[in-house]
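S.K.: The amino acid sequence is not available; the structure is as follows:
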């Protein structure tokens, strides 16, 4: 596949031995200083790299040159030593690439509670230096844990007659593999955007994309989304409340939605992508709560897996979402890309053909659409179904 | 089994044809008026009987004479007609037993979104009248859905040299059987307690028992706990802030804990009871949030099912519970009734024997104990493990 690579970025992904065979150290390198922003897990138990990165982004958000990532070990629940190791990863990367150490960000994903084998990690960073390339594919592979596919998405857009590129590389398929945690996403652009505006853009986009997906309801200790903007496209600065800002946000949302859906589709044991769209809700907040609650419900997930148009579960999950609404107004539709049926009207059953419903649910992308008929707000959430395979992966792995 | 039956209550459980074969109509009848209180689901989508009962308990909490329950159909998402049917169930019961209709409470459990077959229901109520008996066993069976065992618990306690009895009858094994929802619990006592004090006692007890269990994270549209007190023991009134109050609450907690654990043990597909005890937490609220978050985590449930001492998942689930705390202080122990090992200390791994851990986790009742070392509050939660069988039951049932 051809990717739209922002100017001035290079990538590496190598194997240093944290994992048995697969690539486990990745580096993103920028020729020039980047403005940067990050969004981190809300879990109180935060992995060491997150603690480190937040400090760097607070102090030095206009001079980021590299991100170093390892997979296989999460460097979470590792105490002072874990933090020291995260710092050492940054310092080693800085030394190899002749950077100041506060211009390097760090990320980890893998087993919780285990210390990093620092000799291997440092060797990996040295190796990576020799394998920098234009393609992000090796890097995308090096950050995978139980992911079955690499996850890359990109766009090229026109801004004031110049082209800018946005590239996103993500990993995640649930907080899986006993302690194998985490969703990571790295976004790169050659647009010119200040750190504060980057942060606003990132938060706006994350709240509509990565924050609207669910595989298994477990929030990892290592989740992070980082965006770097190096300005290499030489377009003018993107400022808030401008057309450029809206256009960039739209492109960013497109990439993040694509990556979020890829993560959900690759959810462990998943056979289907479930999309829940809530329309005409009283408030945006309510619409989001309802969409997320439905897509996170074990009972909805298992029903969709079983291709059972069990609409009562969808109402029940909406009901315990914490949103306030009148269930007696809601219409519910079930569709795939080919067909659409109404299964409930005004909160009660709407007679439908069970055979047809089953056929719709047999698709690998299923849409549940709630028309709440009590406002104008809308929200979309994405989730995977819940299957025996999930239990197998998560019940039987570590020991 | 011998039960401690409060004086003045009778029971019936019959089959009227809502379900194919098993008992589906039950009645609890009191010879004299009861004081009553109830706790209902927080789900915004509330089944018709709950809407009806709340009205009755607001208007007439000192004159309850009977509870009529059906299983097989939940009477939820059934609109105005559903509410009319719930009222008709109460009226038919009142007519058969010569009561005023506002002295009858109604409960339903089963499929969501389907109307009750009222001719069968009314016939069942007529039949039940002819099968009233002293034993609660038929009644306990008549309220079961996917439950595999009936759930009864009782105690006899001394209050000022007189004996009082408390009996509890519950059903529930997750919100299962496509749309088969619900936890129901009926508590009966011959103690003398005003409706307001009953309500206080019930809320205190529910918050420590039924509100601390999790099978699949799905809150039903039909959950309810009702307590009736008829004063037939002729003991003096139980008033707040007395020794009698404390003694009664302790006995009530004992029954509700036992029933709550029975529900979890009977959780669909469950092979183990997981008990999470949080000690020395900053606040009671934090302790409860953490205990519930751990016991509700799919990843913790699958790890315990797989007998894998995957302690990082326990920390991660505590971390996203919404409680505030310092993870670096926590010690974690894993035990069964025979053995106990420490697996983490001060937020980091504490070297342990994997074989021994696996052996401990092979028990059918496993205890996870978090010593937070940052306060004095404590809480306990109970949950079932998550197995392939759960997926099978919930993915493949309705159609």
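M.R.: The structure has been received and is ready for your questions. All values reported here derive from a predicted model rather than from experimental measurement.

S.K.: When you work out contacts or count neighbours from here on, use the C-alpha atoms and nothing else.
M.R.: Will do.

S.K.: what bits of the stretch 51-200 of chain A have low per-residue confidence?
M.R.: By pLDDT under 70, the low-scoring segments of the stretch 51-200 of chain A are A:174-182.

S.K.: and what of the stretch 201-350 of chain A?
M.R.: Within the stretch 201-350 of chain A, the set of residues satisfying pLDDT under 70 comprises A:215-219.

S.K.: can you give me the strands for it?
M.R.: Using DSSP state E, counting those that start in this stretch, the strands of the stretch 201-350 of chain A run over residues A:213-214, A:224-229, A:273-281, A:331-335, A:340-345, A:348-349.

S.K.: dump the residue contacts of residue A:173.
M.R.: For residue A:173, the contact set (C-alpha atoms under 8 Å, 6 or more residues apart in numbering or on different chains) comprises A:146-147, A:182-183, A:215, A:263-268.

S.K.: care to break chain A down by domain?
M.R.: As given by automatic domain parsing, the domain ranges for chain A are A:9-265, A:273-395.

S.K.: Same list (those domains) but as TSV, adding distance to residue B:164.
M.R.: Output for these, formatted as TSV (distance: least, C-alpha to C-alpha, whole Å):
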stretch	distance to residue B:164
domain A:9-265	45
domain A:273-395	37
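
S.K.: Between the two ends of stretch A:168-188, how far is it?
M.R.: Distance between the two ends of stretch A:168-188: 6 Å, counting by C-alpha to C-alpha, to the nearest Å.

S.K.: swap in stretch A:64-81?
M.R.: End-to-end distance (C-alpha to C-alpha), stretch A:64-81: 24 Å.

S.K.: what about it, near chain B?
M.R.: Yes: Stretch A:64-81 is in contact with chain B by C-alpha under 8 Å from any C-alpha of the partner chain, via A:77-79.

S.K.: now residue A:184: how far from chain B?
M.R.: Here residue A:184 is placed at a distance of 16 Å from chain B (C-alpha to the nearest C-alpha, to the nearest Å).

S.K.: Was I right to think that residue contacts residue A:227?
M.R.: No: shown here, residue A:184 and residue A:227 do not form a contact pair, counting by C-alpha atoms under 8 Å, at 11.3 Å.

S.K.: rewinding a little: now, which of the contacts of residue A:173 lie within helices?
M.R.: Of the positions in the contacts of residue A:173, A:263-265 sit in helices, assigned by DSSP state H.

S.K.: give me phi/psi at whichever residue of the stretch 101-250 of chain A sits closest to chain B?
M.R.: Proximity of the stretch 101-250 of chain A to chain B (C-alpha to the nearest C-alpha) peaks at residue A:112, 5.3 Å away. With angles defined as degrees, to the nearest 10, residue A:112 sits at phi -90, psi 150.

S.K.: Against residue B:375, how distant is it?
M.R.: Distance, residue A:112 to residue B:375, using C-alpha to C-alpha: 26 Å.

S.K.: When the two are compared, which one has more neighbours?
M.R.: The neighbour comparison of residue A:112 against residue B:375 (other C-alpha atoms under 10 Å in any protein chain shown) goes to residue A:112, with 29 against 15.

S.K.: Let me see the contact set for the residue of chain A positioned farthest from its centre.
M.R.: Most distant residue from the mean C-alpha position of chain A: residue A:351, 38.2 Å away (C-alpha atoms, centre = their mean). Residues near residue A:351 by C-alpha under 8 Å, 6+ apart: A:343-344.

S.K.: three-state assignment of it?
M.R.: Following DSSP: H, G, I helix; E, B strand; the rest coil, we place residue A:351 in the coil state.

S.K.: mind checking pLDDT for it?
M.R.: Looking at residue A:351, its pLDDT reads 93.

S.K.: cool, the one 3 residues further on as well?
M.R.: Listed pLDDT for residue A:354 reads 91.

S.K.: Closest one of the ones in helices among the contacts of residue A:173 to residue B:235?
M.R.: Of all the ones in helices among the contacts of residue A:173, residue B:235 sits closest to residue A:264, with 60.6 Å by C-alpha to C-alpha.

S.K.: was I right about the closest one contacting residue A:273?
M.R.: Yes: applying C-alpha under 8 Å as the test, residue A:264 and residue A:273 come out as touching, 6.7 Å apart.

S.K.: shared neighbours of the two, anything?
M.R.: Common contacts of residue A:264 and residue A:273 (C-alpha under 8 Å, 6+ apart): A:382-384.

S.K.: Ranking by neighbours, what's the top pick from those?
M.R.: In terms of neighbours by other C-alpha under 10 Å, those top out with residue A:384 at 32 neighbours.

S.K.: Would you mind confirming that it makes contact with residue A:267?
M.R.: Yes: applying C-alpha under 8 Å, one finds residue A:384 in contact with residue A:267, separated by 6.1 Å.

S.K.: Can you get me a residue count around residue A:59?
M.R.: Neighbourhood size, residue A:59 [other C-alpha under 10 Å]: 11.

S.K.: And it, how far from residue A:104?
M.R.: 12 Å.

S.K.: And for residue A:67?
M.R.: Going from residue A:67 to residue A:104 by C-alpha to C-alpha gives 6 Å.

S.K.: Mind checking which of those two has more residues around it?
M.R.: Taking neighbours as other C-alpha under 10 Å, residue A:67 and residue A:104 compare with residue A:104 leading, 26 against 23.

S.K.: how close does that one get to residue B:41?
M.R.: Going from residue A:104 to residue B:41 by C-alpha to C-alpha gives 50 Å.

S.K.: re the thing from before, now render the strands of the stretch 201-350 of chain A as JSON lines, adding mean neighbour count and distance to residue B:63.
M.R.: As requested, the strands of the stretch 201-350 of chain A are exported to JSON lines (neighbours: other C-alpha atoms under 10 Å in any protein chain shown; distance: least, C-alpha to C-alpha, whole Å):
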{"stretch": "strand A:213-214", "mean neighbour count": "26", "distance to residue B:63": "48"}
{"stretch": "strand A:224-229", "mean neighbour count": "24", "distance to residue B:63": "58"}
{"stretch": "strand A:273-281", "mean neighbour count": "25", "distance to residue B:63": "41"}
{"stretch": "strand A:331-335", "mean neighbour count": "21", "distance to residue B:63": "40"}
{"stretch": "strand A:340-345", "mean neighbour count": "19", "distance to residue B:63": "38"}
{"stretch": "strand A:348-349", "mean neighbour count": "24", "distance to residue B:63": "33"}
